[in-house]
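Sequence below, structure please.
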Amino acid sequence: VSLDIYAQRRVASEKGAEQEVPLDEWIDIGAFKVNPDKLKQDDQVLSLQKYRLKSGENHLELVLSEKPAYVGVDPFIKLVDRDSGDNIFKL
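As a prediction, the model looks like this:
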């Protein structure tokens, strides 16, 4: 599976003004047979590994035993995210 991910980190001041700051972090990327919000069995997870994402465009190639139905960036919302709805993609 070939993934192109645009990543960024934004921080908010005490007054709520957001500013982009550099991102260079190891973040979970998952591939799933079902929507990760509906996981019921471990075998529904095809892959869940940390990948290094930097600010801007990132290209990843995942080698899997079968085609996933969904992929997700930080699929279990371990990082603070104001809009986590854009982290999961249906293929």
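
show me the contacts for Lys2.
Quick fix: residue 2 is Ser, not Lys. Taking Cβ atoms under 8 Å, 6 or more residues apart in numbering, we find Ser2 in contact with His59, Leu60, Glu61. Glycine gets a C-beta too; all of them are placed from N, C-alpha and C.

My guess is the second one contacts Ala31. True?
No: judged on Cβ atoms under 8 Å, Leu60 makes no contact with Ala31 at a distance of 10.5 Å.

Between the contacts of Ser2, identify the one with the most neighbours.
Leu60 (16 neighbours; other Cβ atoms under 10 Å).

helices or strands next to the host helix or strand of it in the packing?
Using DSSP states H and E, the element containing Leu60 is strand 56-61. Packed against strand 56-61 by the contact rule (3 or more Cβ pairs under 8 Å, 6 or more residues apart in numbering; DSSP states H and E) you find strand 2-7.

The strand it packs on vs strand 56-61, what angle?
160 degrees (axes from the mean of the first three to the mean of the last three Cα atoms, to 10 degrees).

can you count the residues close to Glu25?
Glu25: 15 surrounding residues under other Cβ under 10 Å.

Leu23 and Ile29, how far apart?
According to Cβ to Cβ, to the nearest Å, Leu23 and Ile29 sit 14 Å apart.

nope, Leu39 is what I meant
16 Å.

out of those two, which sits in the busier spot?
With neighbours defined as other Cβ under 10 Å, Leu39 and Ile29 compare such that Ile29 has more, 21 against 16.

Can you verify my assumption that that one contacts Val45?
No: between Ile29 and Val45 there is no contact under Cβ under 8 Å: 11.7 Å.

so what sits against both of the two?
The contact sets of Ile29 and Val45 do not overlap (Cβ under 8 Å, 6+ apart).

How about Gln49: what's its closest non-neighbour residue?
Ile29 (6.3 Å; Cβ to Cβ, 6 or more residues apart in numbering).
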